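**Student:** below are the sequence and a predicted model for it; my questions follow.
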There are 2 protein chains.
Amino acid sequence: MAPLESTPPTRRRRTSARATHSLEKVVTTAIAMLDRDGIKGLTLRGLAAELGGGLGSVYWYVDGKEELLSLACDTLVGEALVRAAEPSGGQLPEDLRVDDPAIAAAVADLRRTALALFELAAEHRWLATRLHTQGAATDNAIRFWNRLGSALAAMGLTTRQQFHGSTAIIGYIVGVAAEMAAQDVHADPTRSKEEQLDAIAQAWLARDPADFGWIQSIADEFRDHDDDEQFVAGLDLIIGGLVRQALEQRG
Amino acid sequence: MAPLESTPPTRRRRTSARATHSLEKVVTTAIAMLDRDGIKGLTLRGLAAELGGGLGSVYWYVDGKEELLSLACDTLVGEALVRAAEPSGGQLPEDLRVDDPAIAAAVADLRRTALALFELAAEHRWLATRLHTQGAATDNAIRFWNRLGSALAAMGLTTRQQFHGSTAIIGYIVGVAAEMAAQDVHADPTRSKEEQLDAIAQAWLARDPADFGWIQSIADEFRDHDDDEQFVAGLDLIIGGLVRQALEQRG
DNA sequence: ACCTGAACACCGTTCAAGT
DNA sequence: ACCTGAACACCGTTCAAGT
């Protein structure tokens, strides 16, 4: 997992008397359109229309669709960083409780950071997919990585463990978020969430148990699962492993 | 993480005297083109040309580009299933060794299965990204999930732990694979891998330590990292957590 | 400095027509 | 049954021209 070289965006000035829109406005409405129509649904013509301007005007602020998507991602990851810095009242789950206060504090911070990004990806269903094809190319993505890694360092892990642990967590967050978002795209808006989950489970049960026996055995579990809970469960699996490493390291 | 309903592909007959190509041939050359040019680089016109036919002929075998990509994914996941079933001589790492032979065998199977999919994603750098937007919609994807879950069941976990564990591992595999593949797309072919990693590390070291201190501290670790090793390290973090759950469950 | 819109190249998809 | 290729709709991007 190698991030790209960080390319500091060459921002144009946004303070001008004649500007009908600003870089910020362009990115903000692009995000709104992405939330509504997805990545393919965002067209530069549509964006220009929404902004009340001509097609070409967008190109004055942004180099093209790719850069626009990068800026949108960077903005939202920045928002995740803000949320991660806010205090959270949540208790740690039982298996992650450690007596060492330094480790406990680091774990809490780690969890809060991871959850902040997951939350944002849940709110913006296109974000995770795009984050993947982008890697750690934008500034805020690196800052996010830096924050996550700092927590691992505070746990007392070796640099190698920090490196591996940080990329594992980021891969997990974005991976699970992308998978959860994917289902929404194909969802049938005429049916409720419960109906759709049930239909999937039904389809499983109709298949050959020789090939799909296990899937059938968890159909009930699947029918009333919760995305957030599922995400946290997997996250705590990884964090649990890191805590073990930290305790071993401490000695 | 809710997979879509499985849609059994309505395959057309491929045994015909006049057919100049078959469904299999279409999908195979599509995969070859995807490996070479990526998802955006695969055009139906290019594919038709490669097959030596007209543009429209592709549509007789496949409903469109989306279905073509689904079939390509399904084929490769099927290949992963084949590899996962092959015996492997690898030893388990130290922290995953358990005296209980049933758990040990299940863990080895789990690891082999996960590695098989990761390997395929490494060989086909577009696969992971596409798997994400697709979910568990194709038959082989569900079979893969079924195989992974069966191993978790064999470890003696609760159904809930099996469900959460299986989706965590799949999210991790595809997530990390997608992130690793992303870097390749943006890679500069004129420079060696080492040069590129070094350039990235250099760029980090030039930034403000206040924001990027931790990243800078792992620059050396990053410079000579290995993707496979990195993947396995994170995977074993998750599996380690599952083993702990299994041992607790056993009593 | 900031914006316009025609023009271009390039897609995926459809479909009437062929064998 | 299987294939062809023109035609269509819709993109992203460029650019000469405007204010």
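**Tutor:** It's in. Numbers count the residues shown, from 1 in each chain, chains lettered A, B, ... in the order given.

**Student:** please make it C-alpha for all contacts and neighbour counts, starting now.
**Tutor:** OK.

**Student:** list the contacts for A:G175?
**Tutor:** Counting by CA atoms under 8 Å, 6 or more residues apart in numbering or on different chains, A:G175 touches A:128, B:132, B:171-176.

**Student:** per-residue pLDDT, it?
**Tutor:** Looking at A:G175, its pLDDT reads 97.

**Student:** hmm, back to that, adding secondary structure, write the contacts of A:G175 out as TSV.
**Tutor:** Shown next, in TSV, are the contacts of A:G175 (DSSP: H, G, I helix; E, B strand; the rest coil):
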residue	secondary structure
A:A128	helix
B:H132	helix
B:G171	helix
B:Y172	helix
B:I173	helix
B:V174	helix
B:G175	helix
B:V176	helix
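
**Student:** what is the nearest of the residues you listed to DNA strand C?
**Tutor:** Minimum distance to DNA strand C across the contacts of A:G175 is 18.4 Å, recorded for B:H132 (CA to the nearest atom of the strand).

**Student:** contacting residues around stretch A:74-94?
**Tutor:** A:108-109, A:112-117, A:120, A:138-141, A:144.

**Student:** the helix or strand A:G46 falls within: how far from the chain's middle?
**Tutor:** Assigned by DSSP states H and E, A:G46 falls within helix A:44-51. For helix A:44-51, the separation from the chain centroid amounts to 26 Å (computed by CA atoms, centre = their mean, to the nearest Å).

**Student:** neighbours around A:A206, how many?
**Tutor:** By the criterion of other CA atoms under 10 Å in any protein chain shown, A:A206 has 10 neighbours.

**Student:** please determine how far it is located from B:A153.
**Tutor:** Noted for A:A206: a distance of 21 Å to B:A153, by CA to CA, to the nearest Å.

**Student:** and what of A:M180?
**Tutor:** 23 Å.

**Student:** and whatever helix or strand A:A121 lives in, what's buried?
**Tutor:** Per DSSP H and E: A:A121 is located in helix A:101-123. Judged by neighbour count (16 or more other CA atoms under 10 Å in any protein chain shown), helix A:101-123 contains these buried residues: A:103-118, A:120-122.

**Student:** now that helix: average pLDDT?
**Tutor:** On average, helix A:101-123 scores 97.

**Student:** try stretch A:231-241
**Tutor:** 98.

**Student:** which residues touch that stretch?
**Tutor:** A:95-96, A:107, A:169, A:172-173, A:176, B:164-165, B:167-168, B:234, B:237-238, B:240-242.

**Student:** host element of A:Q161?
**Tutor:** helix A:159-185.

**Student:** which neighbouring elements make contact with the next helix or strand after that helix?
**Tutor:** Next helix or strand after helix A:159-185 toward the C-terminus (DSSP H and E): helix A:193-205. Counting contacts by 3 or more CA pairs under 8 Å, 6 or more residues apart in numbering or on different chains; DSSP states H and E, helix A:193-205 packs against helix A:209-217, helix A:219-223.

**Student:** TSV for these, including mean pLDDT, mean neighbour count and distance to DNA strand D?
**Tutor:** Converted to TSV, the helices and strands packed on helix A:193-205 look like this (pLDDT from 0 to 100; neighbours: other CA atoms under 10 Å in any protein chain shown; distance: least, CA to the nearest atom of the strand, whole Å):
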stretch	mean pLDDT	mean neighbour count	distance to DNA strand D
helix A:209-217	96	18	29
helix A:219-223	97	19	36
